[in-house]
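Participant: With the sequence up front, the predicted model follows.
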Amino acid sequence: MQKRLLIATAFATALVATSASAGGKHGGGHEDEMAIGKAGKAAAADRTIEITMLETEDGDMLFEPSKIEVKKGETIRFVIANDGVLEHEFVMDTPEAVQEHKLLMEKFPEMEHADPNAIRLPAEEAGDIVWTFSKAGDFQFACLIPGHYEMGMHGPLTVASR
């Protein structure tokens, strides 16, 4: 009987720990190359692209610029500034992965990111992502905080073959 109680307690503890991590930090598995490329080294950056996240007086939420074009093999340093009054994030990935992540964020809106292809910034803060685009294709960048995508915070990210 005592053995069953220990097993049940251990199972319940593992279940709680798993549930807590699902709503806590998002990460893992992205250390290697992703479909969109891989984390780059700042010293190897070919150029810098400045990204601004903000809200308009009309209630729209947007990125400036609204589209990004890079070349396969380029390492880009994205300098990202949140000039809005709300918290925003910048996530880049395949359109399918962005939609999957969006659904996950709807379930866990306070999820923190530990992925090299994403950054979440409070209002009036800035940060950067250094990324090497090793594959050509059509990708997407977005803010996946619930409701922000629908208010306009997404855009195309095109990686030309050269």
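Facilitator: Happy to help now that I have it.
Participant: how about residue 153, what does it touch?
Facilitator: Residues in contact with residue 153 (CB atoms under 8 Å, 6 or more residues apart in numbering) are 53, 61-63, 88, 142-143. C-beta here means a position set from N, CA and C on the backbone, and glycine is covered the same way.
Participant: Now which of those residues would you call buried?
Facilitator: With burial judged by 16 or more other CB atoms under 10 Å, the buried subset of the contacts of residue 153 is 53, 61-63, 88, 142-143.
Participant: Of those, just say which sits nearest to residue 115.
Facilitator: Among the buried ones among the contacts of residue 153, residue 142 lies closest to residue 115 (CB to CB), at 13.3 Å.
Participant: Tell me if I'm right that the closest one and residue 151 touch.
Facilitator: No - counting by CB atoms under 8 Å, residue 142 stays clear of residue 151, with 11.1 Å between them.
Participant: May I see the contacts of residue 153 organised as TSV, with distance to residue 101, pLDDT and secondary structure added?
Facilitator: Formatted as TSV, these follow (distance: CB to CB, whole Å; pLDDT from 0 to 100; DSSP: H, G, I helix; E, B strand; the rest coil):
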residue	distance to residue 101	pLDDT	secondary structure
53	17	98	strand
61	17	97	strand
62	19	97	strand
63	16	98	strand
88	15	96	strand
142	8	98	strand
143	11	96	coil
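Participant: which of those lies closest to residue 102?
Facilitator: Nearest to residue 102 among the contacts of residue 153, counting by CB to CB, is residue 142 at 7.2 Å.
Participant: Who are the contact partners of the closest residue to the closest one other than its chain neighbours?
Facilitator: In this structure, residue 142 finds its nearest non-sequential neighbour in residue 154, 3.8 Å apart by CB to CB, 6 or more residues apart in numbering. Residues counted as contacts of residue 154 (CB under 8 Å, 6+ apart) are 63, 98, 140-143.
Participant: Run through the residues that contact residue 60.
Facilitator: When contacts are counted by CB under 8 Å, 6+ apart, residue 60 is found next to 151-152.
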